[in-house]
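> can't give you the sequence, but here's the structure:
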């Protein structure tokens, strides 16, 4: 095997990553420039994607270049941009003014815990922007400058913003501890929007955004490709269960539109979760449809700008209207639920052409989704189980000793804490919780959310994944946990690496995969193999490490 | 963007990770040259079976297939794909077949 490179996990020695240096540098933070070492930053957006999206300043450039090829009036663009956002978003102004630098957030960020870089203390990451705000928009800052934490906007500040606003996964764990409730994700979002005005984006976010505009999903899967994929899944479902499932696509007049992240159409183990949805809906006879237009639940606009969030999200309601469905069901995605639960209604609603979601199987009305008209698959499934509508044999999952990773946004942005646990306890006999300060509202991020889950960022992913990986390792040792369940496609992609590195032997799964593996289906075969087409009872180590 | 020397007097543009920028610039010489960057010295029939399937799928659907589809269609198990392409199906086989790198929640 060739020598490992910085984009491969084998490049990093565990003993090095286990000793983050928490000593701050000798120089003050304003005088400490960014060290762009390989493995700790993300490639810039390719010009063709910026051109496609009509975004400013498309060009070839590299992060390590001295000259980032910014517009001549870059400073004016940024200052105007800050002013515009201060006028537009009251929260932004409050978050710039209200922080008293108490430090409650300082040691709550996974990147600070795993990396030790003081600028990854959320308070200091926000200061990178706040210092400019003070200098330009407060009297004290204008007069007293550095004495009151104000500084000049320079090119080095822009580079620093890029480095650290793309070392925040917008997970909002720090916000849980902030006595003022400062939403640090919003500060990162503002920072990224401002960088975007200069044409500074990361390709890992902007290419999916361009794909989503063009084809309806981040991966660029076209309608005939989605159909082919779902048919492929149906073949495997039949092999695993003996049941031939229906594949309703773009079905007008269906009761429910189902939307899930497109990662579930391509990457294992998300693909097994997708097979889970198809089998579950088929078994309960749900009148639903897939859409080839709204074929993405995720929204990388959240990692880009408010305008992009809005335009990508608009497809979901537009398609619900076109197809004439009654309500919308959403799959196991993380950041999608921040957008759906907190922005969708005001950005693209009101969806008054839809009905308040009501399960056709149990009659339950989902009051929590009254305004958005969109229900989470875990709420829907938990309700089915609660009403005894699924025939379950949890012993079919007895070879699995599972723990649950609360995906950041479902947990913190929509309060989805009990339903996944209720489901897991119903479909598995061996469910074990990680330590309490690492789950529920205090859950630790996978380290790769918000557009950071790309391999060239491997050092930061492993460092940021350390707190989560450490908690997984703990339950692996204590309870012999061998699988981690989650409800997020980014988790399903990035936690494979985190587990392989910090808790090797633990594989990753979506919840619906486990549900269907425990379900007794009408007309099923002997069920000797699971949805992964592996013999039941054999938990293969690292089997989803594809 | 970097220029990659195919070795027959031509060059193609590649991205930071060595993936072909424009998939239409792919040909068998490009595949052979890219193979050498991914630990595949000579492309033999079994390699071509994988590469040809990836090309066909890409030309029909505009994206890379899921790995399971690649395995099922070629009849090769995942460990066999790794044997053929040491850096794996995505970074190895897809790169050699001239496909763009998948992005998103993957």
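That came through, no problem. On a predicted model such as this, the values are computed, not experimentally measured, just so you know. Residues are numbered from 1 along each chain as shown, chains lettered A, B, ... in the order given.
> what about the strands in chain B?
With DSSP state E as the criterion, chain B has strands at B:2-5, B:11-14.
> Name the residues of chain B found near chain A, please.
B:1, B:15-17, B:39, B:60-64, B:66-69, B:72, B:78, B:86, B:88-89, B:102-106 (Cβ under 8 Å from any Cβ of the partner chain). For the C-beta atoms, the positions are set from N, CA and C on the backbone; glycine is no exception.
> Show me where chain B has its helices.
Secondary structure of chain B (DSSP state H): helices at B:28-37, B:45-61, B:67-74, B:78-84, B:88, B:95-96.
> Can you mark which positions in the longest one are buried?
Translated: helix B:45-61. With burial defined by 16 or more other Cβ atoms under 10 Å in any protein chain shown, the residues of helix B:45-61 counted as buried are B:47, B:50, B:51, B:53, B:54, B:55, B:57, B:58, B:61.
> What distance do you get for the third one to residue A:68?
Note on residue B:51: its distance to residue A:68, by Cβ to Cβ, to the nearest Å, is 37 Å.
> got the helices of chain B as a markdown table, with distance to residue A:360 and mean pLDDT columns?
Formatted as a markdown table, those follow (distance: least, Cβ to Cβ, whole Å; pLDDT from 0 to 100):
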| stretch | distance to residue A:360 | mean pLDDT |
| --- | --- | --- |
| helix B:28-37 | 52 | 96 |
| helix B:45-61 | 34 | 97 |
| helix B:67-74 | 32 | 96 |
| helix B:78-84 | 40 | 96 |
| helix B:88 | 43 | 92 |
| helix B:95-96 | 47 | 96 |
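> Could I get those helices in TSV, plus columns for distance to residue A:85?
Listed next are those as TSV, based on distance: least, Cβ to Cβ, whole Å:
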stretch	distance to residue A:85
helix B:28-37	44
helix B:45-61	40
helix B:67-74	42
helix B:78-84	47
helix B:88	42
helix B:95-96	40
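> out of the ones you listed, nearest to residue A:117?
When those are compared by Cβ to Cβ, helix B:88 sits nearest residue A:117, at 30.8 Å.
> Distance from that closest one to the middle of the chain?
10 Å (Cα atoms, centre = their mean, to the nearest Å).
> Also stretch B:52-72?
Put simply, stretch B:52-72 sits 11 Å off its chain's centre (Cα atoms, centre = their mean).
> Stretch A:33-46 now?
So, by Cα atoms, centre = their mean, the centroid of stretch A:33-46 is 21 Å from its chain's centroid.
> Need the contact partners of it.
Outside of stretch A:33-46, the residues within contact range by Cβ atoms under 8 Å, 6 or more residues apart in numbering or on different chains are A:6-7, A:11-12, A:55, A:61-64, A:156, A:159-160, A:162-163, A:166-167, A:199-207, A:451-452, A:454, A:456-460, B:15-16.
> Using neighbour counts, pick out the buried residues of it.
Quick answer for stretch A:33-46 (16+ other Cβ under 10 Å): A:34, A:39, A:40, A:41, A:42, A:43, A:44, A:45, A:46.
> So which residues of the stretch 201-350 of chain A form helices?
A:203-215, A:223-241, A:270-284, A:306-323, A:335-338, A:344-348 (DSSP state H, counting those that start in this stretch).
> Check the stretch 401-546 of chain A too.
Applying DSSP H, counting those that start in this stretch to the stretch 401-546 of chain A gives helices spanning A:408-414, A:418-427, A:458-464, A:466-479, A:489-502, A:511-518.
> how about those, which one is nearest chain B?
Of all those, it is helix A:489-502 that lies closest to chain B, at 3.7 Å by Cβ to the nearest Cβ.
> how about that closest one, does it reach chain B?
Yes - Helix A:489-502 is in contact with chain B by Cβ under 8 Å from any Cβ, via A:489, A:490, A:492, A:493.
> Can you check which of the helices of the stretch 201-350 of chain A gets nearest to residue A:183?
Here helix A:335-338 is closest among those (Cβ to Cβ), at 10.5 Å.
> can you list contacts of the closest one?
In contact with helix A:335-338 (Cβ under 8 Å, 6+ apart) are residues A:170, A:261, A:297-299, A:302-303, A:330, A:376, A:409-410, A:413-414, A:416, A:449-450, A:488, A:490.
> Now, of those residues, which are buried?
Buried members of those, scored by 16+ other Cβ under 10 Å, are A:170, A:261, A:297-299, A:302-303, A:330, A:376, A:409-410, A:413-414, A:416, A:449-450, A:488, A:490.
> Quick one: residues contacting the nearest residue to residue A:466 once chain neighbours are set aside.
Nearest residue to residue A:466 in three dimensions, chain neighbours excluded: residue A:114, at 3.7 Å (Cβ to Cβ, 6 or more residues apart in numbering or on different chains). Contact partners of residue A:114, counting by Cβ under 8 Å, 6+ apart, are A:17, A:20, A:447, A:462, A:463, A:464, A:465, A:466, A:467.
> between those residues, which is nearest residue A:177?
Among these, and counting by Cβ to Cβ, the member closest to residue A:177 is residue A:467, at 14.1 Å.
> can you count the residues close to the closest one?
Look at residue A:467: counted by other Cβ atoms under 10 Å in any protein chain shown, it has 25 neighbours.
> With the one 3 residues further on instead?
Residue A:470 has 19 neighbouring residues, counting by other Cβ under 10 Å.
> Now do the contacts for it.
residue A:502.
> what about it, distance to residue A:14?
11 Å.
> Now the common contact residues for the two.
residue A:502.
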